[in-house]
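Q: Here's a sequence, model it:
(chains A and B)
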Amino acid sequence: MSRIFILTPLIVLLIICIFSLAYLLSGKDPNKPPSALLNKDVPIFESSSLYNSKNVIKTKDIKNKKTLINFFASWCSPCKIEHPLFFEIRKKHPELYLLGFNHKDPTSDAKKYLEDDGNPYHFVGVDSDGLIALEFGVFGLPETYLLNEDGVIIYKYMGPITKDILKNEIEPLL
Amino acid sequence: MKSSHFFKILNIAVLSFIFFTFKIYAIESIDERVKNLTLELRCMTCQNQSIYDSDAEFSNDIKKIVKQKLQEGESERDIKKFLVERYGEYILFRPLMNNYNVFLWIFPFILLIFGVFFVLIKTKRKKV
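A: Coordinates of the predicted model:
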């Protein structure tokens, strides 16, 4: 009888521990680390246009409009894969503001890339030193962020977006 | 006259020696701190490699930022906070001690208590 009194709380404790651990570790895919900026305000940034250095975009310029931010570079092969999809997005959702950040790219290479493959963005900002990417927590290209009208990051995708991701994950948020 | 020149040169030499020794020591010390801190940070683009051990572009960028921030006088805690705010806690090999993670920290001790009780009960029963 006394053994039951000693063992029962311990077993209950162990069961609670196992369930708590399972809860803590649930939905954590090591290949897709969670974004620290999800559901937070867009970081403060300022970037000049790839085509005209006097033309500058700031955080406040994208408030009050849904914005899709894409970090890309001419040297990034996966960026080429997703690139055509941005034309599709722009056509289907003309209200969506497309902001591209050209990451650590020589200007001439970036311009040639957008000349050859087309420019789907409303504005292409330069991030030559990678500091804007750092503020966004970018660690590999391409990365895409969706912001609501309040400037809150509501979605982030690491890697090239696909038609399925666009249809099932991005479009329901638009 | 000659001796005063000699002492002037000696003074400059000694001061230069102290200055350069201190400078080299300071640089080494920063590099050492960069190493220690980046060993605790996860390379987000590699498999189970620290930022210090990795040569990935991401890791090199973080090493530069860590060094720059240390040179600016920021503490290691502030730098970790800066990185966690941007990349999440995933960038740290060692989880932070906060409300969310406290269970992870105490779980081994709970298991230890459970094990000790189990062993005690077993040994008591054997004696009987």
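
Q: what's across from A:Tyr145 in the sheet?
A: Beta bridges link A:Tyr145 to A:Ile69, A:Lys156, judged by DSSP bridges.

Q: show me the contacts for it.
A: A:37, A:42, A:68-70, A:136, A:153, A:155-156 (Cβ atoms under 8 Å, 6 or more residues apart in numbering or on different chains). C-beta coordinates here come from the backbone N, C-alpha and C atoms, glycine included.

Q: want to try CSV for these, with distance to B:Cys43 and neighbour count as columns?
A: Shown next, in CSV, are the contacts of A:Tyr145 (distance: Cβ to Cβ, whole Å; neighbours: other Cβ atoms under 10 Å in any protein chain shown):
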residue, distance to B:Cys43, neighbour count
A:Leu37, 19, 20
A:Val42, 26, 20
A:Leu68, 28, 24
A:Ile69, 24, 24
A:Asn70, 23, 26
A:Phe136, 18, 22
A:Ile153, 23, 22
A:Tyr155, 25, 19
A:Lys156, 19, 19
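
Q: tally of neighbours for residue 8?
A: The chain I'm using is chain A. The number of residues packed near A:Thr8 is 10, by other Cβ atoms under 10 Å in any protein chain shown.

Q: was after chain B, sorry
A: Around B:Lys8 there are 10 residues (other Cβ under 10 Å).

Q: what's the spacing between it and B:Leu15?
A: For B:Lys8, the distance to B:Leu15 (Cβ to Cβ, to the nearest Å) stands at 11 Å.

Q: quick check, nearest of the contacts of A:Tyr145 to B:Glu32?
A: Of all these, B:Glu32 sits closest to A:Phe136, with 30.5 Å by Cβ to Cβ.

Q: you'd agree B:Ala56 is up against B:Cys43?
A: Yes: under the criterion of Cβ atoms under 8 Å, B:Ala56 makes contact with B:Cys43 at 5.8 Å.

Q: Looking at the two, which one has more neighbours?
A: B:Cys43 (21 against 16).

Q: can you pull the contacts of the more buried one?
A: By Cβ under 8 Å, 6+ apart, the neighbours of B:Cys43 are B:49-51, B:53-54, B:56, B:58-59.

Q: and these, which are buried?
A: Buried members of the contacts of B:Cys43, counted by 16 or more other Cβ atoms under 10 Å in any protein chain shown: B:50-51, B:54, B:56, B:58-59.

Q: There's contact between B:Glu40 and B:Ile62 in this structure, I believe.
A: No: contact between B:Glu40 and B:Ile62 fails when scored by Cβ under 8 Å: they sit 11.6 Å apart.
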